[in-house]
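# Quick check, what structure comes out for this input:
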Amino acid sequence: MKLLTEKLIQELLNVNEELCLSLYMPTHRSHPENLQDPIRFNNLIKELEKSILTKYSTTETTTHLEPLKKLAEDADFWNHTTEGLAVLSTNGRFEVIKLKVSVEELAIAADSFHTKPLRKYLQSTDRFHVLGVSHHDIQLFEGNRHSLDPIVLSEDVPATIEDALGDELTDKHTTVASYGGSGGESSNMHHGHGGKKEEMDLDAERFFRVIGKSIYENYSRPTGLPLILAALPEHHHQFHEVNINPLLLEKGITVNPKSVSKEILAQRAWEVMEPEYLKRLKNTVDRFEQERANGKGSDDYIEVAIAAVEGRIDTLLVEADRVIAVRITNLVTGNTQKKDLDNPRVDDLLDDMGELVMKMGGKVIVVPTESMPSETGLAAIYRY
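Next up, the predicted model:
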């Protein structure tokens, strides 16, 4: 799975083409449910075709749709989908992104990519990583309230203690016998020299330091996701002692992840994450209410559009499943005009404003409908 990051979003926002195609749809992991996915994909292509033909010739339309039609015919791809799919296509760029959450069907032809569902996925506050750790190896998962899936580690991340320490591993030639231990993890009895426990602890400390740094640099820092540690109790203390990752949560899962099913691990992970999720969401909403009372916030889209083009928005909250057929017609004054989403020149107002805020260095947070502090679909906190 391609790592979806703010950097990729920024690259998509910086694409400067006359026609950008954005297609989103829910998909299915297993047979026979996934048989319907390519059919639904083709139906969305037809929606794009109808929209493009209002402004472009038949030949031009066929050229623009060619990469999507090739994907529709890729049987192997449709046999290995997840819960959601995003396809973004324009001249010289074709991005296919599998998502671990279901998304609403959407097909938009506009002069910029529709990235709100991707930002919703990135900025939803229920996502997290789980790092499974033992003395010998690691596993990394990405999860949310609904699912937990393993991540194939990049080549830069050591998966085992041998990968991490190499020639620096203490006394590599010592004979080691494994015996069953608590929590599903074997305990090692070393034969040969004394002080093996101290050597093992030293190796573990160095191993945890290396992988902690690597996970932070390759996964936590690029995504900004909270990290939950899953390990035996004694490993928690050792790992926290050498941790440099500010996104590692203090509370973790005190079990060897290999000793339990993925379903149990997912349940235990959400028990850790849910209080953190609710706390972050409440803090964001409370902050908006306070700033609005102080004259530094608004939920009026006309006022917010003006603030967005002036670079005055610190944080923009947008409603997760809302689409507003309004376009910012002047990027200097912030003037807006109601439009028709069938027009290939028109995108969603919330998406356009999110793009503006991100380009101006602000933060965009997608909020579930039930937690949104306004009825207009947006809420802005101003810098001044």
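# which regions of the stretch 251-384 of the chain sit below the pLDDT cut-off?
Along the stretch 251-384 of the chain, segments meeting pLDDT under 70 span 339-347.
# mind listing the helices for it?
Taking DSSP state H, counting those that start in this stretch as the criterion, the stretch 251-384 of the chain carries its helices at 262-293, 301-309, 349-359.
# I'd like to check what contacts the shortest one. Which residues are they?
It stands for helix 301-309. Contact with helix 301-309 is made by 298, 313, 316, 324, 326, 328, 330-336, 349, 353, 356-357, 360, 376-378, 380, 382, as judged by C-beta atoms under 8 Å, 6 or more residues apart in numbering. C-beta coordinates here come from the backbone N, C-alpha and C atoms, glycine included.
# same question, stretch 352-371
6, 9-10, 13, 112, 115-116, 119-120, 123-125, 281, 284-285, 301, 304-305, 308-309, 311, 313-322, 327-328, 331, 373, 378, 383.
# Spatially nearest residue to the residue at minimal distance from the centre of the chain (excluding sequence neighbours)?
Central residue of the chain (C-alpha atoms, centre = their mean): residue 122, 3.6 Å from the mean position. Spatial nearest neighbour of residue 122, excluding adjacent residues (C-beta to C-beta, 6 or more residues apart in numbering): residue 4 at 6.1 Å.
# Repeat that for residue 41.
Closest residue to residue 41 apart from its sequence neighbours, by C-beta to C-beta, 6+ apart: residue 72 at 5.3 Å.
# how close does the residue lying closest to residue 285 once chain neighbours are set aside get to residue 284?
Among residues not flanking residue 285 along the chain, residue 373 sits closest, at 4.8 Å (C-beta to C-beta, 6+ apart). For residue 373, the distance to residue 284 equals 9 Å [C-beta to C-beta, to the nearest Å].
# Please enumerate the shared neighbours of these two.
Jointly contacting residue 373 and residue 284 under the rule C-beta under 8 Å, 6+ apart are 317, 367.
# And the strands in the stretch 1-150 of the chain, which stretches?
Assigned strands in the stretch 1-150 of the chain, in chain order: 20-26, 84-90, 93-99, 106-110, 128-133, 138-143, 148-150 (criterion: DSSP state E, counting those that start in this stretch).
# picking up where we left off before, now do the contacts for the residue nearest to the centre of the chain.
When contacts are counted by C-beta under 8 Å, 6+ apart, residue 122 touches 4, 5, 6, 9, 223.
# Chain neighbours aside, what residue packs nearest to residue 36?
Counting by C-beta to C-beta, 6+ apart, the residue nearest residue 36 is residue 28, at 7.5 Å.
# Roughly how far does that neighbour sit from residue 43?
Using C-beta to C-beta, we find residue 28 at a distance of 16 Å from residue 43.
# Looking at those two now, which is surrounded by more residues?
residue 28 (16 against 12; other C-beta atoms under 10 Å).
# Could you verify my assumption that the more buried one touches residue 79?
No - under the criterion of C-beta atoms under 8 Å, residue 28 makes no contact with residue 79, lying 10.5 Å away.
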